[in-house]
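J.: I would like to see how this sequence folds:
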Amino acid sequence: MRQAKAATLPTSDPFGTPLEAPAPATANHQVHLAVLDDEVEITRMLANYLGQQGFRVTQVHSGPQLLDLFASDPPALVLLDVGLPGEDGFSIARRLREHWRCGLVIVSGRGDAIDKVVGLEVGADDYVTKPFDLRELLARVKAVLRRLSPDSAAAPTATAARDVLRFAGWQLDFAGRRLTDSAGTEVALTSGEFELLSVLARHPGRVLSRDFLLEQTRGREAGPYERTVDVQIGRLRRKIEHNAEEPQIIKSVRGAGYIFVAPVTGG
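T.: Predicted coordinates:
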């Protein structure tokens, strides 16, 4: 099979919007999804099913096609196969995470635990293995979209009382779903990383189990593997700790879970 020609990421879309900006809402309020798989039958099946559920779906079959789509009509969430000819899906996922804030669900025939861990490490919000139940996939897509939305149930409620938390030189803005450093520079977080950091920062000084963190961030769609939390904790540490190998903000408690040790103040 002929390999797709590599695409060069543009620095802005045709209207000058920076690639770091979140995908805009569509005029008709339909959520735009992209399905990337080299098997046309699979993209057609998913497009038909998700279209019946009220989504606007674009089918693409290569990395360059997906990147072109982001430059012209960015989707809110991507369903991404990793077994692609040419550039593999994991590499495409890394490139998306470097430039775009969107939902990312890997849909793959690779069901080994190591592949799931790699998928989460490159920034996927969820990982679904083939063959899959369409209703389960729909539930997972909706769960990721809820976590992406500022108005989602997973976002801090009025009872949380504080819209901004500050710790160790960082500022966590719940309304804007942004993490910024002391200079005001934003650090990109996946939806899963943002929710996990939010839960930890709202419970400083308390040991939180992996089960609790999964329930708070993913609810009933959490899935059976606790490794999800460990992977995302590792990613967070690399982004917010001075030395991820000797963390001073999020510490591990052997056999119990994690504790947010940095002092937290509300804004």
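J.: CA atoms for contacts and neighbours, from now on please.
T.: Fine.
J.: Where do the strands of the chain begin and end?
T.: Assigned by DSSP state E, the chain shows strands spanning 32-36, 56-60, 77-80, 103-108, 126-129, 164-167, 170-173, 178-180, 207-208, 250-253, 257-260, 265-266.
J.: Adding distance to Arg95, mean pLDDT and mean neighbour count, write the ones you listed out as CSV.
T.: Below are those laid out as CSV (distance: least, C-alpha to C-alpha, whole Å; pLDDT from 0 to 100; neighbours: other C-alpha atoms under 10 Å):
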stretch, distance to Arg95, mean pLDDT, mean neighbour count
strand 32-36, 14, 95, 24
strand 56-60, 16, 95, 21
strand 77-80, 13, 94, 25
strand 103-108, 12, 90, 25
strand 126-129, 17, 88, 21
strand 164-167, 29, 92, 18
strand 170-173, 25, 92, 20
strand 178-180, 20, 91, 18
strand 207-208, 32, 90, 18
strand 250-253, 27, 93, 17
strand 257-260, 30, 93, 20
strand 265-266, 34, 84, 14
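J.: Would you format these as TSV with distance to Glu193 included?
T.: As requested, the strands of the chain are exported to TSV (distance: least, C-alpha to C-alpha, whole Å):
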stretch	distance to Glu193
strand 32-36	21
strand 56-60	26
strand 77-80	16
strand 103-108	12
strand 126-129	12
strand 164-167	16
strand 170-173	12
strand 178-180	11
strand 207-208	16
strand 250-253	13
strand 257-260	14
strand 265-266	20
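J.: Gly86: neighbour count?
T.: Neighbour count for Gly86, taken as other C-alpha atoms under 10 Å: 14.
J.: Give me the pLDDT value at it.
T.: At Gly86, the predicted lDDT confidence score is 77.
J.: go on, Arg95?
T.: In this model, Arg95 carries a pLDDT of 85.
J.: That one: neighbour count?
T.: Neighbour count for Arg95, taken as other C-alpha under 10 Å: 16.
J.: which residues sit against stretch 128-145?
T.: Contact with stretch 128-145 is made by 49-50, 76-77, 103, 105-111, 125-126, 191, 218, 221, as judged by C-alpha atoms under 8 Å, 6 or more residues apart in numbering.
J.: ok, now stretch 246-259?
T.: Contacts of stretch 246-259 (C-alpha under 8 Å, 6+ apart): 168, 200, 204-210, 233, 237, 241, 260-262.
J.: Quick check, Arg210 in contact with Val231.
T.: No: in this structure, Arg210 is not within contact of Val231 by C-alpha atoms under 8 Å, at 11.5 Å.
J.: Now do the contacts for Thr228.
T.: Counting by C-alpha under 8 Å, 6+ apart, Thr228 touches 117, 120.
J.: repeat for the one 10 residues further on
T.: Each residue near Arg238 by C-alpha under 8 Å, 6+ apart is listed here: Ala244.
J.: What ranges in the stretch 1-150 of the chain fall below the confidence cut-off?
T.: Counting by pLDDT under 70, the stretch 1-150 of the chain shows low-confidence ranges at 1-29, 149-150.
J.: Show me where it has its helices.
T.: Here the stretch 1-150 of the chain has its helices, by DSSP state H, counting those that start in this stretch, at 40-52, 63-72, 89-99, 113-121, 134-148.
J.: Ala175 touches Asp163, doesn't it?
T.: Yes: the pair Ala175 / Asp163 is scored as a contact, 6.2 Å apart, by C-alpha under 8 Å.
J.: For Arg227, which of the helices of the stretch 1-150 of the chain is the nearest?
T.: helix 113-121 (7.4 Å; C-alpha to C-alpha).
J.: Could you measure from Arg210 over to Val199?
T.: Distance of Arg210 to Val199, computed by C-alpha to C-alpha, to the nearest Å: 12 Å.
J.: ok, of the contacts of stretch 246-259, which come out buried?
T.: Buried residues within the contacts of stretch 246-259, counting neighbours by 16 or more other C-alpha atoms under 10 Å: 168, 200, 204-205, 207-210, 233, 237, 260-262.
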